[in-house]
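Q: Provided below for reference: sequence and predicted model.
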Amino acid sequence: MSLPAIQVPTLTATLSAPLPPVLNLNPEQRIPVNNKRFVIIHTVEIPEDDLTTFQSYGNVVKYDYAVEGNINIDNLLFDYLFIDLRNKQSRAYFDTSDLNNYNVICYISFVEEFDSYIENLGANNILCKFPPKQHYKASYDAALLVQNTDAPSKCLSCINYAGSFLGSLRKQGEKS
């Protein structure tokens, strides 16, 4: 006894036209990133894996006075320029360079976050940790510029309050 043949309807007629895209997913267009190059000033060593990540996205230059000297920053070929602020000559180069046409990222240790000189550097963002690797360069560049909201620190608030209180006591002592 043989089974009857099963008729399967064909879907070729309905699928012959290409389907419209559900989403236009081109991250290079969706992420608003300016076309400025990055100057990364740092006071701690750059981790090797982060340096490798930067190198995968573009041309990395670690400023060295013996190599770059006083070449104008506009004449250097880089996507990411690393300037170590622990070096006196590097600090002088940073101070004399016009960085208005660059994204300046400050990479520091978490202890330095509360140091007043950090705010005077004019950085677009201050990081203690680089963002994780992204699929697209534009995504990574955008992540470098995103400023994270810090959680309030009760300890720091207490220290600031104590400092204000002691400062007010000192002013009262000076008046009398």
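A: In hand now; what should we look at?
Q: contacts and neighbour counts: CA atoms only from here.
A: Will do.
Q: next SSE downstream of the worst-scoring helix or strand of the chain on mean pLDDT?
A: Here the helix or strand of the chain ranked lowest by mean pLDDT, DSSP states H and E is helix 27-30, holding a mean of 47. Moving toward the C-terminus from helix 27-30, the next helix or strand (DSSP states H and E) is strand 37-42.
Q: and that next one, average pLDDT?
A: Taken as a whole, strand 37-42 has a mean pLDDT of 94.
Q: give me every residue that touches the residue nearest the centre of the chain.
A: The residue lying closest to the centre of the chain (C-alpha atoms, centre = their mean) is L144, at 1.8 Å. Neighbouring residues of L144 by C-alpha atoms under 8 Å, 6 or more residues apart in numbering: 105, 125, 130-131.
Q: which residue is the nearest non-sequential neighbour of P132?
A: Y140 (7.9 Å; C-alpha to C-alpha, 6 or more residues apart in numbering).
Q: right, and that neighbour touches Q134 too?
A: Yes - contact criterion C-alpha atoms under 8 Å: Y140 and Q134 qualify, at 5.4 Å.
Q: so these two - more neighbours on which side?
A: Ranked by neighbour count (other C-alpha atoms under 10 Å), Y140 and Q134 place Y140 first, with 20 against 13.
Q: still on that earlier bit, what remains of the contacts of L144 if I keep only buried residues?
A: The neighbour count (16 or more other C-alpha atoms under 10 Å) marks 105, 125, 130 as buried among the contacts of L144.
Q: and the second one, what does it touch?
A: What that stands for is N125. Applying C-alpha under 8 Å, 6+ apart, the residues near N125 are 104-106, 144-147.
Q: give me that answer again for 10 Å
A: 40, 103-107, 119, 144-148 (C-alpha atoms under 10 Å, 6 or more residues apart in numbering).
Q: picking up where we left off before, out of the contacts of L144, name the ones that lie in helices.
A: Among the contacts of L144, no member is found in helices (DSSP state H).
Q: and of these, the nearest to E174?
A: Proximity of the contacts of L144 to E174, judged by C-alpha to C-alpha, is greatest for N125, which lies at 40.1 Å.
Q: L81 should be in a strand, yeah?
A: Yes - assessed by DSSP: H, G, I helix; E, B strand; the rest coil, L81 belongs to a strand.
Q: ok, it to T43 distance?
A: 14 Å (C-alpha to C-alpha, to the nearest Å).
Q: also T53?
A: 19 Å.
Q: what of R37?
A: For R37, the distance to T43 - C-alpha to C-alpha - is 20 Å.
Q: for I105, same thing?
A: Separation of I105 from T43 (C-alpha to C-alpha): 12 Å.
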